[in-house]
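predicted structure and sequence below. I'll ask about it afterward.
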Amino acid sequence: MGEADPFVRFNCENCGYKSTVSESYAGKNIRCPNCYYIIFISKAESTSTTQTSSRYSDYDSSLLNIQEQNILKHKQMTEYIASEQAGESEEEEEPPKETDPAALRKAPWLIDIFLYPFNKSGLKHLAIFILVPQLLNIIEGMLPSLLAFVFSVAGFFVQIIIFLYIYWYLVECVRESADGWVRAPLGFGGLPTLRDMFGQVVNIIGCFAVFLGPFVLYRITAGKMNIISWFLLGFAVFLYPMALLSVLMHDSGHGLNFRTFTKSISKTFYPYLGLIILFLVPILLIRKIPAQEQESPFSNIIFRSVIIYAAFIGAHLLGRFYWRYQEKLNWDLER
């Protein structure tokens, strides 16, 4: 970087992290590389130093676009490396030497991945996804019959919105993790449109139907499990994670290219097998929970908590797999 593009200092109000970014970020929002808090970089009027503040109300709408968010993150990490190599950084604390934000993990990765939802945003989303549907059911049961009917209709639409938002947020978890981040994304920094949420539901469920559909149809037709049923199930389980990752990262059904993701599997075969095992273990454990244990409201909350928590971890693992092996995958993504 030359003198035409100097660096300016910032100080995170949330965690106290000090670093520098290019002066071109003045007047924009960035994420603290230590705690991911939203920081507004504002340029001082009379000096070349900068001031920072958190301004969610002034959040730049252009940053709500997924592609632009990714570009901003990569630019930030590039600036940190360039400032360290050129000796131009003025921060009191050295920025991370690695571009991988996993260097910020507070525990070994095998433990830290299970802490993925444990930040303010992640815990907030867990509470909403777990408690709001159950709360709606409890309120409905306490109302007189006529009011209960009206409330149930309104609650039905609320639950649809929550359902769509859960899928959209899980896709955000995959994409943020694919960019190297190790904690749950902000989410509420910019609420998605119904079209955005519905699009992600179509991506996930559509991909699921393509691979699990043949097994389900054959199982219904045959009426029992046989060698063909097991083959179709194994085929779906083996290919689905990579196909889903391809669809989500391409943000299109064009990612469902059999030749592309099977080639990707061959290049990352053993790590991919490990990913499948990490996916299967919680699924098999959850299936062991007896149905009668899910009937009471408290048991239902526990069961729903386990399902959603496992979904968070699964989304993080899927995104982290892309981050670690993206060069071998060699997907042509406009990021």
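That came through fine.

please name the bridge partners of residue 20.
Beta-bridge pairing of residue 20 under DSSP bridges involves residue 9.

so what pLDDT did it get?
Here the pLDDT value assigned to residue 20 is 74.

roughly how far apart are it and residue 33?
According to C-beta to C-beta, to the nearest Å, residue 20 stands 11 Å off from residue 33. Placement of C-beta: from N, CA and C, glycine included.

buried set for the helix or strand that contains residue 279?
According to DSSP states H and E, residue 279 maps onto helix 269-287. By neighbour count with 16 or more other C-beta atoms under 10 Å, helix 269-287 contains the buried residues 272, 275, 278, 279, 282.

whichever helix or strand comes after that helix: how far from the chain's middle?
The element immediately downstream of helix 269-287 (helix or strand, assigned by DSSP H and E) is helix 297-329. Centroid displacement of helix 297-329 relative to its chain, using C-alpha atoms, centre = their mean, to the nearest Å, is 9 Å.

with stretch 209-224 instead?
With C-alpha atoms, centre = their mean, you get 30 Å for stretch 209-224.

now that stretch: buried residues?
For stretch 209-224, a neighbour-count test (16+ other C-beta under 10 Å) marks 210, 211, 212, 214, 215, 218, 219 as buried.

try stretch 243-259
Residues 243, 244, 245, 246, 247, 248, 249, 250, 251, 255, 256, 257 are the ones in stretch 243-259 that count as buried (16+ other C-beta under 10 Å).

next up, the contacts around the first one.
Residues in contact with residue 243 (C-beta atoms under 8 Å, 6 or more residues apart in numbering) are 207, 210, 211, 255, 256, 261.

swap in the second one?
Contacts for residue 244 were tallied using C-beta under 8 Å, 6+ apart; they are 204, 207, 208, 318.

ok, it to residue 198 distance?
Separation of residue 244 from residue 198 (C-beta to C-beta) stands at 17 Å.

still on that earlier bit, which elements pack onto the helix holding residue 279?
Contacts defined by 3 or more C-beta pairs under 8 Å, 6 or more residues apart in numbering; DSSP states H and E place helix 269-287 against helix 227-250, helix 297-329.

list the contacts of that helix.
The contact list for helix 269-287 (C-beta under 8 Å, 6+ apart) reads 237-238, 241-242, 265, 306-307, 310, 313-314, 317-318, 321, 324-325.

mind redoing it with 10 Å?
110, 113, 237-242, 245, 264-266, 268, 303, 306-307, 309-311, 313-314, 317-318, 320-321, 324-325, 328 (C-beta atoms under 10 Å, 6 or more residues apart in numbering).

only the buried subset of the residues you listed, as a ChimeraX command please.
Those of these that count as buried under 16+ other C-beta under 10 Å are selected in ChimeraX with:
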select :113,237,239,240,241,242,245,264,265,268,303,309,310,311,313,314,317,318,320,321,324,325
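
any low-confidence regions in this protein?
Residue ranges of the chain with pLDDT under 70: 1-7, 36, 43-106, 188-190, 290-297, 334-335.

helix or strand: which one has the residue nearest to residue 166 when sequence neighbours are not counted?
Leaving out its chain neighbours, the residue that sits closest to residue 166 by C-beta to C-beta, 6 or more residues apart in numbering is residue 129, at 5.6 Å. Secondary-structure assignment from DSSP H and E places residue 129 in helix 120-142.

before we move on, the earlier item: could you dump the buried residues of stretch 243-259 to TSV with distance to residue 137?
Listed next are the buried residues of stretch 243-259 as TSV, based on distance: C-beta to C-beta, whole Å:
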residue	distance to residue 137
243	35
244	30
245	34
246	37
247	33
248	31
249	36
250	38
251	34
255	37
256	36
257	42
